[in-house]
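[1] model this:
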Amino acid sequence: MEQAYEYEVSICCLAFNHEPYIRKALDSFLMQKTDFKFEVVIHDDHSTDQTAAIIREYEERYPAIIHPLYQAENQYSQGIRNISGAFNFPRAQGKYIAMCEGDDFWCDDHKLKLQVDYMEAHPDCMLCFHAAGIESEDQALRSRRIRPYVGDRICTEEDVIDKKANYPTASLLFRTASVKHLPKYYEECPVGDIPLQIYLVDQGYAYYMDRRMSVYRQGVAVSWSEQMEQGNYEQKLTDHHRKMKEMFTAFDRETYGRYHEAVESAMQRMDFLTQLNVRHYRQARQPQYRRYYLELPLRTRMLIDLELYCPAMYRLLQKAWYGLHR
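    Below is the predicted model:
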């Protein structure tokens, strides 16, 4: 007998000092057009700005939907890295969980309905995700979208483990029952989305919808990626990728090497991306990384080679770009 759920979807949201963004995130949840009930399970990690006050405002207006947890002490600083698994997933009362952090938002009012309809019709699918747009807080020469694949498609275990492009966190939807007992490698990983994805896909397949239904804000000051770039960025990134490789090794061990080739490739890809992110372009262009380099978008490859071989021209291009976007 199938378990009865209070809601069809629990929207799990993490918030910390997201005062300029949290209203848009919450409004994008509330605008969803569905024929089922959903809740917003939101965790405020002891924000020092007005984020918690804004969430309380929405809680008062929508008490049947907005279900917050306000921390009296910042949990991330206490060493809890995967806040969703520790505080949101256990509270979820929905059949499905949809993810969105407080500085991102959804831009399609049919997002939940489309994803839930697919999951309902395909019980072997453990993860559904989609394309996203990017809004940048700075003027860097960056991509304006996250589109892992061209066209709707089924993604195998190997596709997800050794992915060529990140999957937008705000696009993820999966079955709540699948995350009630998460493995140790998830809890110890410095990020939650990647170990979650590979854990889910070991239980079934993933499905990608080639439709832009969320927006990722890039360059937000309190975001994990921006905090990583402060201080000794190279050392932070090296330490981060070492821990990620430990996670992949633990996953490989727990799955008895079923995906060993994909895991090995994923770890080599991380070596390549580390060189890329710290701008060691000559190392990144070494022969062992060639296939990963060729997977990069043509625009990215052109900018890398321009900075590597024609740095003066690259600086001129940067100045021209900033001048156009002031």
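[2] helix/strand/coil for residue 215?
    Taking DSSP: H, G, I helix; E, B strand; the rest coil as the rule, one finds residue 215 in the strand state.
[3] so it touches residue 134, yeah?
    Yes. Applying CB atoms under 8 Å as the test, residue 215 and residue 134 come out as touching, 7.1 Å apart. No exception for glycine: its C-beta is placed from N, CA and C like everyone else's.
[4] please enumerate the strands of the stretch 51-200 of the chain.
    Under the criterion DSSP state E, counting those that start in this stretch, strands of the stretch 51-200 of the chain are mapped to 66-70, 94-99, 105-106, 125-136, 145-146, 153-155, 173-175.
[5] for those strands, give me CSV that also has mean neighbour count and mean pLDDT.
    Putting the strands of the stretch 51-200 of the chain into CSV (neighbours: other CB atoms under 10 Å; pLDDT from 0 to 100) gives the following:
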stretch, mean neighbour count, mean pLDDT
strand 66-70, 18, 98
strand 94-99, 24, 98
strand 105-106, 24, 98
strand 125-136, 21, 95
strand 145-146, 17, 90
strand 153-155, 15, 98
strand 173-175, 23, 98
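[6] residue 12 is nearest to which of those strands?
    strand 94-99 (5.4 Å; CB to CB).
[7] packing partners of the closest one?
    strand 7-15, strand 38-44, helix 111-121, strand 173-175 (3 or more CB pairs under 8 Å, 6 or more residues apart in numbering; DSSP states H and E).
[8] among those, which comes closest to residue 307?
    Of the helices and strands packed on strand 94-99, nearest to residue 307 by CB to CB is strand 7-15, at 34.1 Å.
[9] which elements pack onto that closest one?
    Right, strand 7-15 is packed against helix 22-30, strand 38-44, helix 51-61, strand 94-99, helix 111-121 by 3+ CB pairs under 8 Å, 6+ apart.
[10] show me the one of the ones you listed that comes nearest residue 197.
    strand 94-99 (10.6 Å).
[11] what strands line up against the closest one, and which way round?
    strand 7-15 (parallel), strand 173-175 (antiparallel) (DSSP bridges).
[12] that older thread, can you list the strands of the stretch 51-200 of the chain in CSV and add distance to residue 262?
    As requested, the strands of the stretch 51-200 of the chain are arranged in CSV below (distance: least, CB to CB, whole Å):
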stretch, distance to residue 262
strand 66-70, 36
strand 94-99, 23
strand 105-106, 30
strand 125-136, 16
strand 145-146, 21
strand 153-155, 12
strand 173-175, 20
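[13] tell me which of these lies nearest to residue 201.
    Among the strands of the stretch 51-200 of the chain, strand 125-136 sits nearest to residue 201 (CB to CB), with 6.1 Å.
[14] hey, what's the angle from that closest one to helix 111-121? Just curious.
    Interaxial angle of strand 125-136 relative to helix 111-121 (axes from the mean of the first three to the mean of the last three CA atoms, to 10 degrees): 160 degrees.
[15] mind listing what strand 125-136 pairs with, with the direction of each?
    Here, using DSSP bridges, strand 125-136 pairs with strand 145-146 (antiparallel), strand 173-175 (antiparallel), strand 205-218 (parallel).
[16] just say which of those strands is most tucked in.
    Stretch with highest mean neighbour count among those: strand 173-175 (a mean of 23; mean count of other CB atoms under 10 Å).
[17] who's in contact with that strand?
    Strand 173-175 is contacted by residues 9, 95-99, 112, 115-116, 119, 126-129, 196, 200 when judged by CB atoms under 8 Å, 6 or more residues apart in numbering.
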